[in-house]
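Q: how would this look folded up:
(one chain, ligands or ions: 2)
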Amino acid sequence: MEISVINKSNNPLPKFETESSAGMDLRASLDSPITLNPGERALIPTGLYMALPSGYEAQIRPRSGLAFKHGITVLNSPGTIDADYRGEIKVLLINHGEASFEINSGERIAQMVIAQYQQFNWKETQSLDETQRGSGGFGHTGK
Ligand SMILES: O=c1ccn([C@H]2C[C@H](O)[C@@H](COP(=O)(O)OP(=O)(O)OP(=O)(O)O)O2)c(=O)[nH]1
Ligand SMILES: [Mg+2]
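A: Ligands and ions are numbered 1, 2, ... in the order given. Model prediction:
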């Protein structure tokens, strides 16, 4: 599958880092570094614009290394890029760590996974089919 993309950043296009990676890492596209102090959030531009085929979405997810080592994560994870969005892809990062974290242009800040989705129509009704689970949830099967 090919996806049309415009790259206004100085970074190479995102790529799969290993043979079977699910996502491509996204790089920050910045004029100057951004410092995220503990508790702070920022919308980080990537300089990328794309046209997903209808029926596909892009999910913006955290990189586990940044989360584990620095407490840096994607606040709205997974961020949703709609197929009809033509604006710049941006990444909403938050610093959940105890130390300030500097983001430099070109650094890999998150990853993007393309996934299929299906739209649907509601069929409004007064009753639903019975199942073994019924309305049990939120741990009702035990620890
Ligand atoms: O992490 C994200 C999440 C969203 N977007 C862009 C693409 C997406 O298609 C659009 C709208 O996102 P969403 O629907 O999550 O935000 P909203 O607050 O509901 O805004 P809108 O009213 O524009 O839908 O913003 C990003 O660039 N990065
Ligand atoms: Mg929306």
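Q: neighbours of residue 58, how many?
A: Neighbourhood size, residue 58 [other Cβ atoms under 10 Å]: 23. C-beta here means a position set from N, CA and C on the backbone, and glycine is covered the same way.
Q: that should have said residue 29, apologies.
A: 20.
Q: closest to the centroid, which residue in this protein?
A: By Cα atoms, centre = their mean, the chain has its centre lying nearest to residue 60, at 0.9 Å.
Q: can you verify that one is assigned to a strand?
A: Yes - in this structure, residue 60 lies within a strand as judged by DSSP: H, G, I helix; E, B strand; the rest coil.
Q: what pairs with it across the strands?
A: residue 79, residue 112 (DSSP bridges).
Q: write out the residues of the chain neighbouring ligand 1.
A: For the chain, the contact set with ligand 1 under Cβ under 6 Å from any ligand atom comprises 60, 76, 79, 80, 81, 82, 85, 89, 90, 92.
Q: can you give me the strands for this protein?
A: In the chain, the segments counted as strands under DSSP state E are 4-7, 24-27, 34-36, 41-51, 56-61, 72-74, 79-81, 88-95, 101-103, 108-116.
Q: can I get these in TSV including distance to residue 127 and mean pLDDT?
A: What follows is those, written out as TSV (distance: least, Cβ to Cβ, whole Å; pLDDT from 0 to 100):
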stretch	distance to residue 127	mean pLDDT
strand 4-7	46	98
strand 24-27	45	98
strand 34-36	50	98
strand 41-51	42	98
strand 56-61	32	98
strand 72-74	39	98
strand 79-81	32	98
strand 88-95	40	98
strand 101-103	52	98
strand 108-116	31	98
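Q: now these as a markdown table including distance to residue 129?
A: As requested, the strands of the chain are arranged in a markdown table below (distance: least, Cβ to Cβ, whole Å):
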| stretch | distance to residue 129 |
| --- | --- |
| strand 4-7 | 42 |
| strand 24-27 | 40 |
| strand 34-36 | 48 |
| strand 41-51 | 39 |
| strand 56-61 | 29 |
| strand 72-74 | 36 |
| strand 79-81 | 30 |
| strand 88-95 | 39 |
| strand 101-103 | 49 |
| strand 108-116 | 26 |
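Q: point me to the residue of the protein nearest ligand 1.
A: Closest approach between the chain and ligand 1, counting by Cβ to the nearest ligand atom: residue 79, at 2.3 Å.
Q: appreciated, that's everything.
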